[in-house]
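Trainee: output the structure for:
(one chain, ligands or ions: 1)
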Amino acid sequence: MKFFVDTAEIDAIAELNDLGMVDGVTTNPSLIKKSGRDIIEVTKEICDLVDGPVSAEVTATDAETMIAEGRKLVEIAENIAVKVPLTWDGLKACKTLTDEGHMVNVTLCFSANQALLAAKAGATFISPFIGRLDDINLDGMELIEDIRTIYDNFGFETQILAASIRSVNHVLDSARIGADVITAPPAVIKAMVNHPLTDKGLDAFLADIKAAEIKIL
Ligand code: E4P
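Mentor: Residues are numbered from 1 along each chain as shown. The predicted structure is shown next:
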């Protein structure tokens, strides 16, 4: 399973990238706003740092302008994936941009039928939003399961990019179901290391190291 980091914060990406934890990055207008940076400038910096796909989202809602924005975004670097919303115009932009050989991430997916349309339009990635479905008492994981089944039934190559991940359990469940990629905030990825028995066991070992004056260096 690939790990994408869902942020536009360079330091956080660099820290995880140095550990080999970053297979790509996703950004969106809210994350760009939070960074306080210019979209082109910060996206270029991320692309220079990371080898894998870096999703940068269009701002327009009509296909023609989305396509023009996508063509500008892909000039930033070879690893740009143009992110378009799951609207009819977004699907038109997806088809044109993928036909031109560019990677496209179709975002704001909330139903399996939407995911089916994105795959038909040639999307490189489909981004179903787990957390936002959970927020309204629907089951985000059920959506990932449905998309996995449908894509496998027909051999669609569009990669399932489980997004809007809010917890380590979302990561675990996505891995169990077989999502191709998860994109998560750095804090969620780092929280995956935590286990109370690890802390407890380490405390006990440290106490014995002190008591027995065990030294290696
Ligand atoms: C990723 O591509 C999405 O933009 C992101 O995961 C959305 O997450 P949120 O629902 O926590 O804002």
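Trainee: residues contacting the residue nearest in space to the middle of the chain?
Mentor: Most central in the chain under C-alpha atoms, centre = their mean is Thr183, positioned 2.6 Å from the mean C-alpha point. Applying C-beta atoms under 8 Å, 6 or more residues apart in numbering to Thr183 gives the contacts 3-6, 24, 26, 127, 161-163, 165. Placement of C-beta: from N, CA and C, glycine included.
Trainee: make it 6 Å
Mentor: Thr183 sits next to 4, 6, 26, 161, 163 when contact means C-beta atoms under 6 Å, 6 or more residues apart in numbering.
Trainee: hey, what's it bridged with?
Mentor: When bridges are called by DSSP bridges, Thr183 pairs up with Phe4.
Trainee: pLDDT score assigned to it?
Mentor: For Thr183, the pLDDT comes out at 98.
Trainee: do you know how far it is from Ala77?
Mentor: 18 Å (C-beta to C-beta, to the nearest Å).
Trainee: distance check, Phe154 against Ile147.
Mentor: Distance, Phe154 to Ile147, using C-beta to C-beta: 11 Å.
Trainee: just the strands in this structure please.
Mentor: Taking DSSP state E to define them, one finds strands in the chain at 2-6, 24-26, 54-57, 80-85, 103-109, 125-128, 159-162, 181-184.
Trainee: please enumerate the helices of this structure.
Mentor: Along the chain, the segments classed as helices by DSSP state H run 10-18, 29-35, 39-49, 63-73, 88-99, 112-120, 130-135, 140-154, 168-177, 186-191, 196-211.
Trainee: what's the closest of these to Leu217?
Mentor: For Leu217, the closest of the helices of the chain is helix 196-211, at 12.7 Å, according to C-beta to C-beta.
Trainee: please identify the buried residues of the closest one?
Mentor: When neighbours are counted by 16 or more other C-beta atoms under 10 Å, no buried residue of helix 196-211 is found.
Trainee: check stretch 148-168 too.
Mentor: 148, 151, 156, 158-166, 168.
Trainee: and those residues, which two are furthest apart?
Mentor: Spatially, the most separated pair among the buried residues of stretch 148-168 is Phe156 and Val168, at 28.2 Å (C-beta to C-beta).
Trainee: next, count neighbours for the closest residue to Lys92 other than its chain neighbours.
Mentor: Sequence neighbours aside, Ala63 is the residue nearest to Lys92 in space, at 3.9 Å (criterion: C-beta to C-beta, 6 or more residues apart in numbering). By other C-beta atoms under 10 Å, the residues close to Ala63 number 19.
Trainee: contact partners for Ala63?
Mentor: Counting by C-beta under 6 Å, 6+ apart, Ala63 touches 89, 92-93.
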